[in-house]
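[1] Return atomic coordinates for the entry below.
(2 chains)
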Amino acid sequence: MFESIQSVPLNHYILFCSLIFSIGVIGVLIRRNVIVIMMSIELMLNSVNLLLVVFSVFHGDASGQVFVFFVMALAAAEVAVGLAIIMMVYRNTRSIDIDILNKLRW
Amino acid sequence: MLDLIWLIPLLPLIGFLINGLARNVIAKNVAAFVGCGVILFSFIISCLVFNDVYDARQLGEPASFTIPIFDWFKAGSLEVSLSFLVDPLSSVMLLIVTGIGFLIHVYSVGYMKSDEGFNKFFSYLNLFIFFMLLLVLGSNYLVMFIGWEGVGLCSYLLIGFWYKNSSYASAGKKAFVMNRIGDLSFLIAVFLMFFSFGTIEFDGVFSQAAGSMAGDTTLVLISLLLFIAATGKSAQIPLFTWLPDAMAGPTPVSALIHAATMVTAGVYMIARSNIIFTLSPVIMDLVAIIGLATALIAAAIALTQNDIKKVLAYSTVSQLGYMFLALGVGAFTGALFHVITHAFFKALLFLGAGSVIHAMSGEQDMRSMGGLSKKLPITFLTMLVGTIAISGIPPFSGFFSKDEILAHAFVENKLLWVGGLLAAFFTAYYMFRLLFLTFSGKFRGTLDQEKHLHESPGSMTIPLIVLAVLSVVGGFLNVPAALGGSASLAGFLAPVFAESTALAAPFHLDHSTEFMLMAASVIAAISMAVVAYIRFVKNTQLPAINQQRSFLSNLSYHKFYVDEIYDYLIVKPLNALSVFFYRIIDKNGIDALVNGVGKGINESGKGIRLLQSGNVGFYIFLMVLGAVALLLYGIYTV
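    Numbers count the residues shown, from 1 in each chain, chains lettered A, B, ... in the order given. Prediction:
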């Protein structure tokens, strides 16, 4: 399995992950739907996860992959909390538009 | 008895605490009992300590004991302990401080009897004695400095004792500020000593100083600073103007602090540091010149003053000038001898003046007195003794001490002697003028005052009598060889000044010359007494209120305008500078800066808060921008 990962050059992985990360960032920036923003955040997290795994393989050090498991567990928790917040927001405002939540300001 | 040395300063401190803390609770006679009792005990222990030192000296030992009490603090290489140095010099000072102090405490019981601040007064007096003992006993410059500051504080408290009178309160303030100038210089001297010798213990400093060359720059600087400190505490030119104003305090205070003890602290300090001064010949000359100038100017001012205490105050300044003249010509024993005799007769004169003022119900102007000798016989006789003693008529004490100083001045420089003799002329004149104006002729006060005239109570007259006896016999402590004496005080103090004596040119004066000098000063004293007698008893030339004065007399009456000159040269410019700093620098500079910072933050806050729009997308956008900027920064700087 390691051989098949290493058969693709490292640069390609980096470019690919950067691309996915940027898509995630742009998604967070331009979308107003909170669910989509959450999904974009997941995209960013996973691109970084992938990069961690790739570096771990190319370095021959397994700790990067162990780290990814922790990130995944945390991401699951984050999604659970995030969705709960969105639920509460929706109940209070009948909307999941992020621009409505602008009460915390000067 | 040296084991009990710590009790000597501790007892007055306890007295201060009792009288100070319980001043509203205890009765006046309890406060008086405590106040006088602790000083009496200190005096008894001091006598025993002196006896030990005396015995050791009789055996030919140097009799210098350092008694550690406790370690005070350590900082780096500086180790300061509270320890006491008992040697001939400090044991003599102990006797003066506690002995004269006790007499004046007893006197105060009568003098302050009807004052509502009676208990407070005794607590201050005890505190003063405590600090003075610390000053005298300390075995290093820091302990001495505590005492030095402490007596200044007590002086301030006691001058302004009747603080409800604002001119009295400002006299206290003046004394304090003038003393502070000297104190600062003392402190710098201590720092300099630590910097160049690495210690501030007397032993260490003196042994290292003794190894230096004469005229060594560090030593000159240290001795100059110490001398400036002494001019503040001992009221020498240019810092002497506080002492006449200090007469605002109750009269016992003037006797205790401003005649017998505190003002001699400068003399004690220089005598203690004699080796540093001997190795700085330039400063020794300066000390002699300043001393002589002070003696002359103060005596000249005293000639025309009409306030009985002012005359005595200027007389004190003048006599202190004599002591500094003695120090400057290397006659350390002579200076100490004059400290002792002066403590006797000047305390006597002040207390006598206090007795007069007491009888006159607070009147201090001699123009309203006269003819008091019948009503106050004891006061008159004791003050007569004091006047004869200070004028230098043998065999009273002032003659011996003044003559020793003049003889040393003569050997050092004939001009110094001439100046000293001139001051002796002045002294005899103003003292007999005081005596005749006060006690002879007719009473010139109001009828009320005349009815009220009475001799003071026993608690006031007994100290006067004791001091009068001491003023008569005090001179026999140190009878010069020319008069068949053995100069016992000089022998007793010899080890303290041994190193300086070894360095200085040996004092030599043949007996015939010495007799000539004595004759000159005796003639000066007696002739002036006669002149004063003719002017104020025969002719009764009373100083009138709007008297026409000659130029010189006017100058003397107005104290050479020294206060006005200081006011014009220092106080006014300083005031103007302060106003300038307040109006321009403080208001427009510092305040503007501080307020500007506040305003700037306020204004920028008003602008920047608009960025916080509550729009989460915008925040994230900024965050991303920041992250990208950091990324680019990372790339370009690696």
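
[2] going forward, measure contacts and count neighbours with C-alpha atoms only.
    Will do.

[3] Phi, psi for the closest residue to chain B within chain A please.
    With C-alpha to the nearest C-alpha, the shortest gap between chain A and chain B falls at residue A:102, namely 4.2 Å. In terms of degrees, to the nearest 10, the main-chain angles of residue A:102 are phi -120, psi 30.

[4] Would you mind measuring from the residue nearest to it when sequence neighbours are not counted to residue A:104?
    Leaving out its chain neighbours, the residue that sits closest to residue A:102 by C-alpha to C-alpha, 6 or more residues apart in numbering or on different chains is residue B:614, at 4.2 Å. Using C-alpha to C-alpha, to the nearest Å, residue B:614 is found at 5 Å from residue A:104.

[5] Have a look at these two and say which one is more surrounded.
    residue B:614 (17 against 10; other C-alpha atoms under 10 Å in any protein chain shown).

[6] In contact with the more buried one, which residues?
    Contact analysis of residue B:614 by C-alpha atoms under 8 Å, 6 or more residues apart in numbering or on different chains lists A:101-106.

[7] Up against chain B, what does chain A have?
    A:25, A:28-30, A:98-99, A:101-106 (C-alpha under 8 Å from any C-alpha of the partner chain).

[8] From those, list just the buried residues.
    Neighbour counting by 16 or more other C-alpha atoms under 10 Å in any protein chain shown classes A:25, A:28-29, A:98 among these as buried.

[9] Give me the neighbour count for residue A:81.
    By the criterion of other C-alpha under 10 Å, residue A:81 has 12 neighbours.

[10] Tell me which helix or strand it sits in.
    helix A:63-93 (DSSP states H and E).

[11] Quick one: distance of the helix or strand where residue B:226 lies to the chain centre.
    Taking DSSP H and E as the criterion, residue B:226 maps to helix B:217-233. Relative to its parent chain, helix B:217-233 has a centroid offset of 16 Å by C-alpha atoms, centre = their mean, to the nearest Å.

[12] Mind listing residues that contact the helix or strand of chain A with the lowest mean pLDDT?
    Within chain A, confidence by mean pLDDT, DSSP states H and E is lowest for helix A:2-6 among all helices and strands, at a mean of 78. Residues outside helix A:2-6 that contact it (C-alpha under 8 Å, 6+ apart) are A:54, A:57-58.

[13] rewinding a little: which of the buried ones among the residues of chain A next to chain B fall in helices?
    A:25, A:28-29 (DSSP state H).

[14] for those, which one is nearest residue B:379?
    In terms of C-alpha to C-alpha, no member of those lies closer to residue B:379 than residue A:29, at 104.7 Å.

[15] Within the helices and strands, which one has the nearest residue in space to that closest one that is not next to it in sequence?
    Leaving out its chain neighbours, the residue that sits closest to residue A:29 by C-alpha to C-alpha, 6+ apart is residue B:617, at 5.7 Å. Per DSSP H and E, residue B:617 falls inside helix B:616-637.

[16] Residue B:120 too?
    With secondary structure defined by DSSP H and E, residue B:120 is part of helix B:118-137.

[17] again with residue B:68
    Assigned by DSSP H and E, residue B:68 belongs to strand B:65-75.

[18] Helix B:118-137 and the next helix-or-strand element following that strand, what's the angle between them?
    Scanning forward in sequence from strand B:65-75 by DSSP H and E, the next helix or strand is strand B:78-86. Here the directions of strand B:78-86 and helix B:118-137 differ by 100 degrees (axes from the mean of the first three to the mean of the last three C-alpha atoms, to 10 degrees).

[19] how far is strand B:78-86 from where the chain is centred?
    Put simply, strand B:78-86 sits 23 Å off its chain's centre (C-alpha atoms, centre = their mean).

[20] Quick check: the closest residue to residue A:21 other than its chain neighbours vs residue B:292, distance?
    For residue A:21, ignoring the flanking residues on the chain, the nearest one in space by C-alpha to C-alpha, 6+ apart is residue A:44 at 4.6 Å. Going from residue A:44 to residue B:292 by C-alpha to C-alpha gives 95 Å.
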